[in-house]
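> mind looking at a prediction? Sequence and model below.
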Amino acid sequence: MKKVLCPPRGVRATGATREECRENLGEVIDDWLVIRLRREMSIPPIEGVTIEETTRMDAGVGS
């Protein structure tokens with residue numbers, strides 16, 4: 001039976017064990033953050049932790 005953990009809305013991960021699920025969840029959250037930042041979307045708090053972009057670093061983009 002697979003365990004399911006669900007952090008931010010729309011983000012889900014599964015795994016054969018709780019540890020595998022945690023590992024998969026870390027990868028999914030990384031991808032989710034990248035997508036939101038590329039689309040210039042805000043990052044909602046995750047379990048009370050907020051993430052704010054303070055500087056934009058586009059060095060090398062488009063080169």
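The structure has been received and is ready for your questions.

> any regions of the protein where pLDDT drops low?
Scanning the chain for pLDDT under 70 picks out the ranges 1-7, 53-63.

> any idea which element C21 lies in?
helix 18-38 (DSSP states H and E).

> list the helices and strands that helix packs on?
strand 3-5, strand 13-15 (3 or more CB pairs under 8 Å, 6 or more residues apart in numbering; DSSP states H and E). Backbone N, C-alpha and C define where each C-beta goes, glycine included.

> pairing partners for the last one, with directions?
For strand 13-15, the pairing partners within the sheet under DSSP bridges are strand 3-5 (antiparallel).

> off-centre distance for stretch 24-44?
4 Å (CA atoms, centre = their mean, to the nearest Å).

> ok, residues contacting that stretch?
5, 7-15, 46, 50-53 (CB atoms under 8 Å, 6 or more residues apart in numbering).

> just among the residues you listed, which is most surrounded?
When neighbours are taken as other CB atoms under 10 Å, the top entry among the contacts of stretch 24-44 is A13 (20 neighbours).

> V49 - how many residues pack around it?
Neighbour tally, V49, other CB under 10 Å: 7.

> for E23, same thing?
When neighbours are counted by other CB under 10 Å, E23 comes out with 13.

> partner residues bridging the closest residue in space to it that isn't next to it in sequence?
In this structure, E23 finds its nearest non-sequential neighbour in G15, 7.0 Å apart by CB to CB, 6 or more residues apart in numbering. For G15, the beta-bridge partners are K3 (DSSP bridges).
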